[in-house]
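Participant: Here's my sequence, what's the structure:
(2 chains)
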Amino acid sequence: DAKTTQPPSMDCAEGRAANLPCNHSTISGNEYVYWYRQIHSQGPQYIIHGLKNNETNEMASLIITEDRKSSTLILPHATLRDTAVYYCIVVIAGGGADGLTFGKGTHLIIQP
Amino acid sequence: GAVVSQHPSWVICKSGTSVKIECRSLDFQATTMFWYRQFPKQSLMLMATSNEGSKATYEQGVEKDKFLINHASLTLSTLTVTSAHPEDSSFYICSHSSSWGHSYEQYFGPGTRLTVT
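Facilitator: Okay, here's the model as predicted:
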């Protein structure tokens, strides 16, 4: 699976959009981009995933660049409960059935 | 999404004793479950893949005789930490995956915090 690079930490004001970048420059054509988050002392939570098209669900939007070498997770109206470590993970198609390899993620802190 | 529970949520045990952690898939029949551990201020590390009715697959560096995994039913996997030592103190998390065509989502339990004194 391709390696990902994320900033170690980010701050965002409550109510504003939080934009979390992820670099995955070695991604292959059959690899998906997944985002999970982990609130302190809890198990991770699935957020969203995509292959090449932008995706949106009730939690977030995922913007993938045309060359697929990077992506951005957008939390449109961040709340204090969105403070967590966000993990960007690249997984080969069908490989999501395997255990995940977590990097260090981005610690997003929402400021009141 | 699928619900995964773990029991206990936290446990304190003495060095040399064994501890069993249960992972239950409450609304999904999981032929495969995963066990992770997380040390303080570190990321999750996959320990093993638990397969219903067969032996677990362990990641490199994880002692299979120390971390016993049993997956006797489609809704229950257990991890037993045998002869626990203080260095086994960690946050243990289980998960299972659910497929959507060619992609999957993983659903994680709330975790079990083990402290070995």
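Participant: The residue most central in space within chain B in helix, strand or coil?
Facilitator: Closest to where the C-alpha atoms of chain B average out (CA atoms, centre = their mean) is residue B:35, at 3.3 Å. Three-state call for residue B:35 (DSSP: H, G, I helix; E, B strand; the rest coil): strand.
Participant: wait, isn't it in contact with residue B:51?
Facilitator: No: counting by CB atoms under 8 Å, residue B:35 does not reach residue B:51; the two are 11.7 Å apart. Yep, even glycine has a C-beta here, placed from its N, CA and C like the rest.
Participant: from chain B, which residue is nearest to chain A?
Facilitator: Proximity of chain B to chain A (CB to the nearest CB) peaks at residue B:104, 2.8 Å away.
Participant: Tell me which helix or strand that residue sits in.
Facilitator: Using DSSP states H and E, residue B:104 maps to strand B:103-108.
Participant: Describe which strands that strand pairs with in its sheet and in which direction.
Facilitator: For strand B:103-108, the pairing partners within the sheet under DSSP bridges are strand B:90-100 (antiparallel).
Participant: Name the residues that touch the strand it pairs with?
Facilitator: Contacts to strand B:90-100, defined as CB atoms under 8 Å, 6 or more residues apart in numbering or on different chains, come from residues A:41, A:43-44, A:96-99, B:1-2, B:4, B:6, B:21, B:23, B:25, B:28, B:30, B:32-39, B:44, B:50, B:77, B:79, B:81, B:104-109, B:111-114.
Participant: Please pick the buried ones from the residues you listed.
Facilitator: A:43-44, A:96-99, B:2, B:4, B:6, B:21, B:23, B:25, B:30, B:32-38, B:44, B:50, B:77, B:79, B:81, B:104-109, B:111-112, B:114 (16 or more other CB atoms under 10 Å in any protein chain shown).
Participant: which is the next helix or strand following the lowest-mean-pLDDT helix or strand in chain B?
Facilitator: Counting by mean pLDDT, DSSP states H and E, chain B has its least confident helix or strand at strand B:103-108, which shows a mean of 84. Scanning forward in sequence from strand B:103-108 by DSSP H and E, the next helix or strand is strand B:112-116.
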